[in-house]
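Student: Dropping the sequence and predicted coords here.
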Amino acid sequence: MAGHRVHDDIGEILFSEEEIRAIVARLGQEISSDYSYIDGVEHKLILVCILKGSVVFMGELMKNLTIPVEIDFMRVSSYKGTYPDGEPTETLTLERDDIRNSDILIVEDIIDTGNTLNWLVNKRFPEKYQPRSVKSVTLLDKPSRRLPGLENFKADYTGAKIEDKFVVGYGLDYNQKYRALGYVGVPKPEVIA
């Protein structure tokens with residue numbers, strides 16, 4: 001509709017643009033330090049972005065790394081509607097022949113139930129792709145939403161933990177909207193009703 005501003009739909013800002021920049025800078029330093037040399041040997045690190053929500057986060061994260069990286073993309077679906085639906089499905093696969101000689105860092109926007117990221121880290125990558133190592137980084141973590149049996153699952157690198165709130169912005173969406181917001185916020189209840 002004409003004159004509608006997406007910012008008007010946000011009831012609370014959880015992380016401002018400045019706070020997100022600081023979080024991503026910290027993650028970049030941690031990852032760069034850990035991957036600069038593993039066992040005294042430089043390894044190939046591939047960032048694997050989980051589409052679509054992680055694109056903004058990965059773009060900013062790459063700018064904060066001081067080590068060489070390559071990038072790739074996957075699309076994984078684990079929901080029907082708004083509920084997890086069993087084992088995730090890889091709908092856009094990696095088409096590379098160098099994964100076995102690489103270290104993989106899966107880039108996720110948010111961990112909710114833990115189902116998708118757990119499947120990628122502990123099953124899909126080890127069984128199908130067989131990389132040298134698989135780790136994960138997430139901008140946000142919602143530990144209170146973990147599925148039974150995944151209560152202790154966490155990413156190797158976490159930007160910030162949040163309460164059980166529905167959030168949008170910085171790549172996160174509601175019905176494909178709000179991804180372009182530079183901050184992370186909570187939509188007003190009437191927006192997602």
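Tutor: Structure's in. What do you need?
Student: element containing the residue most central in space within the chain?
Tutor: The geometric centre of the chain, computed from its C-alpha atoms, lies nearest to residue 108 (Cα atoms, centre = their mean), at 1.2 Å. Taking DSSP states H and E as the criterion, the element that holds residue 108 is strand 102-111.
Student: Listing partners with orientation, what would you give for that strand?
Tutor: Here the strand partners of strand 102-111, with direction, are listed using DSSP bridges: strand 44-51 (parallel), strand 133-141 (parallel).
Student: need the contact list for the residue nearest to the centre of the chain.
Tutor: When contacts are counted by Cβ atoms under 8 Å, 6 or more residues apart in numbering, residue 108 is found next to 50, 53, 54, 116, 117, 136, 137, 138, 139, 155. C-beta coordinates here come from the backbone N, C-alpha and C atoms, glycine included.
Student: related to what we said a few turns ago, contacts for the very next helix or strand once past the strand holding residue 108?
Tutor: The first helix or strand that comes after strand 102-111 along the chain, using DSSP H and E, is helix 115-119. Helix 115-119 is contacted from outside by 50, 76, 78, 84, 87-88, 106, 108, 111, 136, 138, 147, 150, 153, 155, using Cβ under 8 Å, 6+ apart.
Student: ok, back up a step: need the winner for burial among the strands paired with strand 102-111.
Tutor: Across those, the average number of neighbours (mean count of other Cβ atoms under 10 Å) peaks for strand 133-141, which reaches a mean of 23.
Student: just checking, next helix/strand downstream of it?
Tutor: Going down the chain from strand 133-141, the next helix or strand is strand 157-161, by DSSP H and E.
Student: Buried residues, that next one. List them.
Tutor: By neighbour count, and taking 16 or more other Cβ atoms under 10 Å as the criterion, the buried residues in strand 157-161 are 157, 158, 159, 160.
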